[in-house]
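Enquirer: got a sequence here, can you build the structure:
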Amino acid sequence: MIEAIFTAGDVVDARGRSLDADASTVSLSQGVWIYRPIPDEPSSAIEVEVLARSEGWLIADKPHDLATMPRGRFVARTLTVALRRQEGNDDIVFAHRLDRATAGVILATSDPAKRGMYQQMFSRGEVKKRYLAVTGFPAGEEVAALPGRESPGVDGAGALDVSWFAARAHENVAVSGGVDERGPYLCVTSRIEKRGMRVFNEAGEPNSQTIMRPATGFVPEASGPVRGAGLQVWDVEPVTGRTHQIRAHFFGVGIPIVGDPLYGGQFAAKYGLDETPPGFAQLQLLAKNLEFTDPQTGELVSVSSRRGLEFAKPG
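Expert: Numbers count the residues shown, from 1 in each chain. Modelled structure (predicted):
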């Protein structure tokens, strides 16, 4: 592998001259640049479903376990590269991002001249985003004694016991609740700070807010009474857009998202795997809907994912 990199001329000195494996220490002391091969070229083209498009933008339906943008070891196996190749357009840039583990709707710009107006929609909070999530008790917490499909804190009619969630909430996480025209909801707020690969709910002025509602039209679905115990399907509206916000807020109220390896979700595979192996759950988080007013036309755009979640059964 190392010899092949030298042979290909991918190791150069400060003047851009190719070096061989026997380069003098004088050359090395001036600085060395290595052009790494891309190890993640997929064996076949990644097909991306485009749900909607208009002048200067399109909305894709991202699968689980696919990074949005090239970073680290993921370059060719990313939604950006796959969509650019599929559309024959290297100007495609996403106006926002989804975690690699999260599936669902995501908006890309296809014309650099129009990119700014769509990116600004997100930065100004003008895009309404709704997610579907399935949560459970933290991995390792005893659930075997619970009847299958019982969802603590939520009764059969979908009413919420706010005090139950507040009692489980971690330090620095505030929980409130209420009822509006769409029914009962939880409101979770915290100050989110990123350290390393995950985020933490820290002390200080809150900078994130999430609205969570028991989802209508879905029931938790898993194999066996123990796997189904304590699961709940949620309709989620992030008011702000911090990294890992939804994941951190469910973790912060003691019911992490199923399949979440960073925040203690049930049935999660080891963090860092390229794909979720059989017998483990993908992250049960889906970007279900995007809604915005097109800044070019003034028309309302609402697009929903055609994907589903393994643990959320329509019903």
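Enquirer: quick check: buried residues in the longest helix along the chain?
Expert: Across the chain, the longest stretch assigned as helix under DSSP state H is helix 112-123. In terms of neighbour count (16 or more other Cβ atoms under 10 Å), helix 112-123 has its buried residues at 114, 115, 118, 119, 121, 122. C-beta: built from backbone N, CA, C; applies to glycine.
Enquirer: with stretch 199-219 instead?
Expert: With burial defined by 16+ other Cβ under 10 Å, the residues of stretch 199-219 counted as buried are 199-201, 206, 208-215, 218-219.
Enquirer: using CSV, list the CA coordinates for it.
Expert: Output in CSV follows, covering the C-alpha atoms of stretch 199-219 (Å, rounded to 0.1, in the frame of the first residue of the first chain):
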residue,chain,number,x,y,z
VAL,A,199,-22.9,16.6,22.2
PHE,A,200,-23.7,17.3,25.8
ASN,A,201,-26.4,19.1,27.7
GLU,A,202,-24.4,21.7,29.6
ALA,A,203,-25.2,24.3,32.2
GLY,A,204,-25.8,27.8,30.9
GLU,A,205,-28.3,29.7,28.7
PRO,A,206,-30.4,27.3,26.6
ASN,A,207,-29.6,27.3,22.9
SER,A,208,-31.8,24.4,21.8
GLN,A,209,-35.5,23.5,21.9
THR,A,210,-37.4,20.5,20.7
ILE,A,211,-41.2,19.8,20.6
MET,A,212,-42.1,16.1,21.0
ARG,A,213,-45.6,14.6,20.5
PRO,A,214,-46.8,11.0,20.6
ALA,A,215,-47.1,10.1,16.9
THR,A,216,-50.6,9.4,15.6
GLY,A,217,-51.0,6.7,12.9
PHE,A,218,-48.0,4.7,14.1
VAL,A,219,-47.4,2.0,16.8
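Enquirer: returning to that earlier point: residue 19: which of the buried residues of stretch 199-219 is nearest?
Expert: Distance to residue 19 across the buried residues of stretch 199-219 (Cβ to Cβ) is lowest for residue 199, with 41.2 Å.
Enquirer: pLDDT value on the closest one, please?
Expert: Note on residue 199: pLDDT of 96.
Enquirer: identify the bridge partners of it.
Expert: residue 194 (DSSP bridges).
Enquirer: what about the helices in the protein?
Expert: Using DSSP H, the helices of the chain run over 2-7, 25-29, 79-87, 112-123, 162-168, 225-228, 245-252.
Enquirer: contacts for the third one?
Expert: Contact with helix 79-87 is made by 45-48, 58, 60, 62, 66-70, 75, 90, 92-94, 106, 108, 110, as judged by Cβ atoms under 8 Å, 6 or more residues apart in numbering.
Enquirer: redo the buried residues of stretch 199-219 as TSV? Include distance to residue 238.
Expert: As requested, these are exported to TSV (distance: Cβ to Cβ, whole Å):
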residue	distance to residue 238
199	13
200	17
201	15
206	13
208	8
209	8
210	5
211	8
212	10
213	13
214	17
215	15
218	19
219	23
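Enquirer: tell me the spacing between the residue nearest to the spatial centre of the chain and residue 91.
Expert: In the chain, the residue lying closest to the centroid (Cα atoms, centre = their mean) is residue 99, at 2.8 Å. As for residue 99, its distance to residue 91 is 24 Å (criterion: Cβ to Cβ, to the nearest Å).
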